[in-house]
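everything below, folded, please.
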Amino acid sequence: QVQLRESGPGLVKPSQTLFLTCTVSGGSITTNSWYWSVIRQPPGKGLEWMGSIGYSGQSYVSAHYRSRTSISRDTTGNQFTLRLESVTPEDTAVYYCAGGEMAVTVMMNPDEYDHWGQGTQVTVSS
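Residues are numbered from 1 along each chain as shown. Modelled structure (predicted):
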């Protein structure tokens, strides 16, 4: 059974950089056709895809955040990490790690993911 666990700072000050690490167990992040993503939910809003990293190591980020977002992975630790620069209070949200087997064309759709972490609250405030 694939499980994901988020590790985040909880509280980040405006203009700082957020690092969110997702640790995967019960499966490998290099398994063919699997995509691993960070999806967030701001207060009172729906789920929002931030970015993904695929089984081959290719990364994809939302065009809306491309200028300040990147995703990388550590295959030895079976982890992937979101880096979000220059955070503002609008980045306050519950951040989720998710994974699943799918076509690359649908990885931006949260409904396609079968495996989710519990989520971690990230608050941007001075």
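
please count neighbours and contacts with C-alpha atoms only from this point.
Will do.

so where do the strands sit in the chain?
Secondary structure of the chain by DSSP state E: the strands cover 3-7, 11-12, 18-25, 34-41, 48-54, 59-61, 69-74, 79-84, 93-101, 115-116, 120-124.

so how far is the longest one off the chain centroid?
To tie it back to what came earlier, the one meant is strand 93-101. 5 Å (C-alpha atoms, centre = their mean, to the nearest Å).

next one: the second one
Its chain's average C-alpha position is 17 Å from that of strand 11-12, according to C-alpha atoms, centre = their mean.

can you check the fifth one too?
In this view, strand 48-54 has its centroid 6 Å away from the chain centroid, taken as C-alpha atoms, centre = their mean.

and if you look at the fourth one?
For strand 34-41, the distance from its own C-alpha centre to the chain's C-alpha centre is 4 Å (C-alpha atoms, centre = their mean).

in CSV: the strands of the chain, plus mean neighbour count, mean pLDDT and distance to Met107.
Output for the strands of the chain, formatted as CSV (neighbours: other C-alpha atoms under 10 Å; pLDDT from 0 to 100; distance: least, C-alpha to C-alpha, whole Å):
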stretch, mean neighbour count, mean pLDDT, distance to Met107
strand 3-7, 19, 97, 17
strand 11-12, 18, 98, 28
strand 18-25, 21, 98, 17
strand 34-41, 25, 98, 7
strand 48-54, 23, 97, 7
strand 59-61, 19, 96, 9
strand 69-74, 19, 97, 14
strand 79-84, 21, 98, 16
strand 93-101, 24, 97, 9
strand 115-116, 18, 98, 13
strand 120-124, 20, 98, 21
